[in-house]
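**Student:** predicted model, plus sequence, below.
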Amino acid sequence: MDPEPRPLHYPNPTTTTQLRKPKRTPPDMASLQYYLLQLTIFLLSLHQNLCFPSKQTLVLPLKKTLGPPPHRASLQLSSSSTSRLPFHHNVTLTVTVSVGSPPQKVTMVLDTGSELSWLHCKRAPNLNSIFNYQSSSSYVPIPCSSPVCRTKTRDLTNPVSCDPKKLCHAILSYADASSIEGNLAYETFVIGSSARPRTIFGCMDSGLSSHSEEDAKTTGLMGMNRGSLSFVNQMGFPKFSYCISGFDSSGVLILGDANVAWLKGINYTPLVVRSDPLPYFDRVAYTVQLEGIKVGAKMLPLPKSAFEPDHTGAGQTMVDSGTQFTFLLGPVYTALKTEFIQQARGILKTLDEPNFVFQGAMDLCYRVESTRTGLPELPRVSLMFRGAEMSVSGEKLLYRVPGVLRGRDSVYCFTFGNSDLLGIEAFVIGHHHQQNVWMEFDLVNSRVGFAEVRCDLAGRRLGMGL
């Protein structure tokens, strides 16, 4: 365990948003279980290999739905180099891959905020799916004397150790007191028709869970952050992009270089990279520098220092597809909330219930007539990054709380929350505000790019036929 609390450090969230993603989502995310995103992934390979070379590009269509998860659709593409990979979303992205020899199908949460990929390897009453490592001839446990165990695990939240069999043992712990542990090992991961032997992952055999129902839905987690053990780095992808539609249920995820002529106007903001270890700074997260926030045309009267990490690393800004909404540190959130209330006065009726706090951090809510077909025009909120800007407007500003009525009115809450109420010392930019924004994560050039696009059309242009 770490010698001191780490309310900000999120390199290893887990399979469900509410259980092991305290860094990005509030612990009571069970209220969001109705919000399901189903994605069908078809991997378009530019080169056929048994591993993923850096020049290969994989194109993945995504589908988002409300209500119970429907049957996964499949898309037939004519290219002989195309393989299909089922993909769906249940607050977090999950992907079905094959692991081991002979291959076993497993379902993993795709998480840009995590490094170590892991699978449940021991049967338990609450688990519907596990990886049976004893049946795989390609499974190779990693000894604690291995350089992988001694050097490549440095960015994990807790130091690794030796188990009684002298194997490399990892314990991943989280802010909600949940944890999971097991041994590191090599195994063959197959995505579509491409195999990647000797992929490092955690074969987990025990843990403490407060959301066993959610644990039963997946076999493990696929880490996609900047760490050396992340899946994206082990596979050698130089970048990846995604685009989630705000108009319909479609979207697209691309692993590798998108390289499409019609994609114009990407503005890049550099990643904030630090080599010195700080107690509250996640060095392998996708950290950018937020410099200010505008409401309408008015810039919030805050100094740039309000958005900068302090000497402990607290206050970094992370772009995270695993978090649904956006969370701001207390003073910044209060300034934004105050200005938004002022500019929305007379447009919306506030919910005057001081004790009503959606998901533990979103305390600005409104009453909206249930018979309305859309929201009134609201002031735009612009997040100003170094060299780039993300605008939040229209339906993305408010979220209807499911199942909550006040008379004939529905309750809508502001989609920015207060990090302080969650015990998270960070700014987190969630995927709700990334709708209709082309998001590019460029690992080689250490930058994140934004471009406003119609994401429903992007999938069609890429041949997804959504």
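**Tutor:** On my side now, so go ahead. Residues are numbered from 1 along each chain as shown.

**Student:** so, low pLDDT: which residues of the chain?
**Tutor:** 1-56, 58-94, 174-178, 192-193, 208-215, 248-251, 464-466 (pLDDT under 70).

**Student:** in it, which residue is closest to the centre?
**Tutor:** Nearest to the mean C-alpha position of the chain, by C-alpha atoms, centre = their mean, lies Gly322 at 2.0 Å.

**Student:** distance of that one from Phe427?
**Tutor:** 15 Å (C-beta to C-beta, to the nearest Å). Where you see a C-beta, it was placed from the backbone N, CA and C, and this is true even at glycine.

**Student:** one more: Ile130?
**Tutor:** 36 Å.

**Student:** what of Ile293?
**Tutor:** According to C-beta to C-beta, Ile293 stands 10 Å off from Phe427.

**Student:** now for these two: what residues contact both?
**Tutor:** Common neighbours of Ile293 and Phe427 are listed as Val332 (criterion: C-beta atoms under 8 Å, 6 or more residues apart in numbering).

**Student:** which residues touch stretch 363-379?
**Tutor:** Applying C-beta under 8 Å, 6+ apart, the contact partners of stretch 363-379 are 295-296, 337, 340-341, 343-344, 347-351, 353, 356-358, 393-395, 397-398, 400-401, 405-406, 408-414, 416, 418, 421.

**Student:** buried among those? Make that a PyMOL selection.
**Tutor:** Buried members of these, defined by 16 or more other C-beta atoms under 10 Å, are picked up in PyMOL with:
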select buried, resi 295+337+340+343+344+348+351+357+358+395+397+398+401+406+409+410+411+412+413+414+416+418+421
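
**Student:** now intersect the contacts of stretch 363-379 with the strands, please.
**Tutor:** Counting by DSSP state E, the part of the contacts of stretch 363-379 found in strands is 295, 349-350, 398, 400-401, 405-406, 409-414, 416, 418.

**Student:** more crowded one of Ile130 and Phe427?
**Tutor:** Remark: of Ile130 and Phe427, Phe427 carries more neighbours, 24 against 19, as counted by other C-beta atoms under 10 Å.

**Student:** got the contact list for that one?
**Tutor:** With contact taken as C-beta under 8 Å, 6+ apart, Phe427 is in contact with 290, 307, 315-318, 326-329, 332, 419.

**Student:** recalculate using a threshold of 7 Å.
**Tutor:** Taking C-beta atoms under 7 Å, 6 or more residues apart in numbering, we find Phe427 in contact with 290, 317, 327-329, 419.

**Student:** tabulate those (JSON lines), appending distance to Ser275.
**Tutor:** Shown next, in JSON lines, are the contacts of Phe427 (distance: C-beta to C-beta, whole Å):
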{"residue": "Leu290", "distance to Ser275": "21"}
{"residue": "Thr317", "distance to Ser275": "19"}
{"residue": "Phe327", "distance to Ser275": "26"}
{"residue": "Leu328", "distance to Ser275": "27"}
{"residue": "Leu329", "distance to Ser275": "24"}
{"residue": "Ser419", "distance to Ser275": "25"}
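
**Student:** report the contact partners of Gly182.
**Tutor:** By C-beta under 7 Å, 6+ apart, the neighbours of Gly182 are 118, 121, 170, 202-205.

**Student:** next one: it from Pro277, what distance?
**Tutor:** 25 Å.

**Student:** was I right to think Thr96 contacts Thr107?
**Tutor:** Yes - under the contact definition of C-beta atoms under 7 Å, Thr96 touches Thr107, with a separation of 5.2 Å.

**Student:** helix/strand/coil for Val332?
**Tutor:** Of the three states, Val332 takes helix under DSSP: H, G, I helix; E, B strand; the rest coil.

**Student:** burial measure for the residue nearest to it when sequence neighbours are not counted, as a count.
**Tutor:** In space, and not counting its chain neighbours, Val332 is closest to Ala306: 5.7 Å by C-beta to C-beta, 6 or more residues apart in numbering. Other residues lying near Ala306 total 17 when counted by other C-beta under 10 Å.

**Student:** ok but Ala306 is inside a strand, no?
**Tutor:** No - secondary structure of Ala306 (three-state DSSP): helix, not part of a strand.

**Student:** redo the contacts of Phe427 as a markdown table? Include secondary structure, neighbour count and distance to Asp163.
**Tutor:** Shown next, in a markdown table, are these (DSSP: H, G, I helix; E, B strand; the rest coil; neighbours: other C-beta atoms under 10 Å; distance: C-beta to C-beta, whole Å):
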| residue | secondary structure | neighbour count | distance to Asp163 |
| --- | --- | --- | --- |
| Leu290 | strand | 26 | 42 |
| Thr317 | strand | 26 | 37 |
| Phe327 | strand | 28 | 37 |
| Leu328 | strand | 27 | 41 |
| Leu329 | coil | 20 | 39 |
| Ser419 | helix | 23 | 36 |
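
**Student:** of the residues you listed, closest to Arg386?
**Tutor:** Set against Arg386, the nearest of the contacts of Phe427 by C-beta to C-beta is Leu290 (8.4 Å).
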